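J.: sequence? don't have it. structure:
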DNA sequence: TTTTAAGTTGACCACCTTGGTCTACTAGTT
DNA sequence: AACTAGTAGACCAAGGTGGTCAACTTAAAA
């Protein structure tokens, strides 16, 4: 992946400039159309250096992918608290982590999305394995140890799972569209979390059986100090 | 758009070969990256002919877009029956029309999806107007004249609308993923409509207030003779 | 101070693809 | 025979590609 450790020992600002320039180029253009010329230009380094750090374009791509997967594991999956047995609460928690991750590392998230759309990419075994392990882990972190007894008894819980999942995905997707182009720092996330919370309340009413007053306060992690 | 009517008077098979080759190329590659060389090759015509029919690449694109919008209006929007006041039934009807359209003209649907993702496209006024009229019409065909009284009274109908909408979109998206690469004629649509129907039943149970037995048979258009 | 080595640059290369033109050709009609 | 609409594809200048390499700078070692 890397020719030597020159790149890893680089000044952190420079290193990040290069990584971000590359992530952005690859996610906007896809692997094939991505231009190493534009990458070095955006990163503010000479063309030669890129190929001094990385053997070729492909190595660079693999490096970025590996880097992104590691970050997803550490900053997202490993932080999901599976002791939360309420499915809707679990989803709420995951949504917050997702948004947090997106706000902190947007270019990485865009890069991973674009990677998922690539068709003709072949990966070295180790990265491929890492990727699939992550997928499996993600799946279990979402669905394992859920308390089925909360669901209405006249509804198939598996179907309820799916419908709730799709609803949340739909909301997130729409929110993404609505926020496109806005400056991340100018967004008042509170307001959107409130809106999201309202939708979750409706889902609770619709899919759980009634237990008056039990879930008035959904945000168990309300000790959060961040704005979003 | 067209230089003269030579293209419209073309042998229908040839005309469709060209249209489909172009639709496919544009949807797979996007406007900029699409190659007129590949289009003529796939269509089995000489390079010269494309520019004999169309002034340039842009004219061709505009022609295709106009063509696709017309078809969407005639084969989809105009066929939505707004006398159906039940939101879930309306959505069911729309889903069937969508799938029908997709099966009959997949390349057009892919083309329109890809067009929606284009960022730097500017359209001539007439096409732009047609596009926006279609959007408005589509919106009203989906949400106009819906019977709110069917919804549970402890749930905000606007939110229920959205959640049902997102659920259906989610199902369709997942189905698309599952069916990717399969031969369209080998698919047993019956089975998927049944599955879809089951999800809609759940949504009905969750979001409508109880009226025993009233909606056992959702498919009012069960006189359909088609396989799907 | 001199030598060596690591880090860095961008001009350069051979190659490929692009949208569009134009000459030459065919086939059918007058 | 003359004309014309339809057709093909070689050709063009322009511009981009991933990758190389000789030349240069900087800094540490001897």
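T.: Nice, thanks for sending it over. Here the structure is a predicted model, which means the values were calculated and not measured.
J.: give me the number of residues near the closest residue to DNA strand C within chain A?
T.: Here chain A gets closest to DNA strand C at one residue, residue A:48, 2.2 Å apart by Cβ to the nearest atom of the strand. From N, CA and C alone the C-beta is placed, and that goes for glycine too. Counted with other Cβ atoms under 10 Å in any protein chain shown, residues neighbouring residue A:48 total 9.
J.: which helix or which strand is home to it?
T.: helix A:47-53 (DSSP states H and E).
J.: likewise residue A:85?
T.: Using DSSP H and E, residue A:85 falls within no helix or strand.
J.: list the buried residues for stretch A:110-124?
T.: Neighbour counts using 16 or more other Cβ atoms under 10 Å in any protein chain shown place A:110-112, A:114-115 of stretch A:110-124 among the buried residues.
J.: tell me how far that stretch is from the chain's mean position?
T.: 14 Å (Cα atoms, centre = their mean, to the nearest Å).
J.: give me the contact list for that stretch.
T.: For stretch A:110-124, contacts defined as Cβ atoms under 8 Å, 6 or more residues apart in numbering or on different chains pick out A:23-24, A:26-28, A:30-32, A:61-62, A:64-65, A:68-69, A:72, A:131.
J.: so which of these comes closest to residue A:196?
T.: Of all the contacts of stretch A:110-124, residue A:72 has the smallest distance to residue A:196: 21.8 Å, by Cβ to Cβ.
J.: test my guess that the closest one contacts residue A:131.
T.: No. At 9.9 Å, residue A:72 does not count as touching residue A:131 under the criterion of Cβ atoms under 8 Å.
J.: between the two, which has more neighbouring residues?
T.: For residue A:72 and residue A:131, the more surrounded residue by other Cβ under 10 Å is residue A:72, and the numbers stand at 20 against 16.
J.: per-residue confidence for that one?
T.: In this model, residue A:72 is scored at 98, pLDDT.
J.: ok, now residue A:216?
T.: 47.
J.: now the one 4 residues further on
T.: At residue A:220, the pLDDT value in this model is 42.
J.: residue A:182 too?
T.: Here, the pLDDT recorded for residue A:182 equals 84.
J.: state the phi and psi torsions of it.
T.: Here is the backbone geometry of residue A:182 (degrees, to the nearest 10): phi -80, psi 150.
J.: number of nearby residues for it?
T.: By other Cβ under 10 Å, 9 other residues sit near residue A:182.
J.: so residue A:153, which state does it fall into?
T.: coil (DSSP: H, G, I helix; E, B strand; the rest coil).
J.: ok, it touching residue A:210?
T.: No. If you go by Cβ under 8 Å, residue A:153 and residue A:210 don't touch, sitting 11.6 Å apart.
J.: look up how far residue A:170 lies from residue A:117.
T.: 19 Å (Cβ to Cβ, to the nearest Å).
J.: what do you get for residue A:86?
T.: With Cβ to Cβ as the criterion, residue A:86 and residue A:170 are 20 Å apart.
J.: for residue A:210, same thing?
T.: 25 Å.
J.: with residue A:41 instead?
T.: Counting by Cβ to Cβ - residue A:41 and residue A:170 are separated by 38 Å.
J.: can you list the residues of chain A near chain B?
T.: Selection of chain A residues close to chain B by Cβ under 8 Å from any Cβ of the partner chain yields A:33, A:152, A:154-156, A:159-160, A:162-163, A:165-167, A:169-171, A:174, A:198-199, A:202-203, A:205-207.
J.: sorry, back to before: narrow the buried residues of stretch A:110-124 to those in helices?
T.: Among the buried residues of stretch A:110-124, the residues falling in helices (DSSP state H) are A:110-112, A:114-115.
J.: cool, thanks, talk later.
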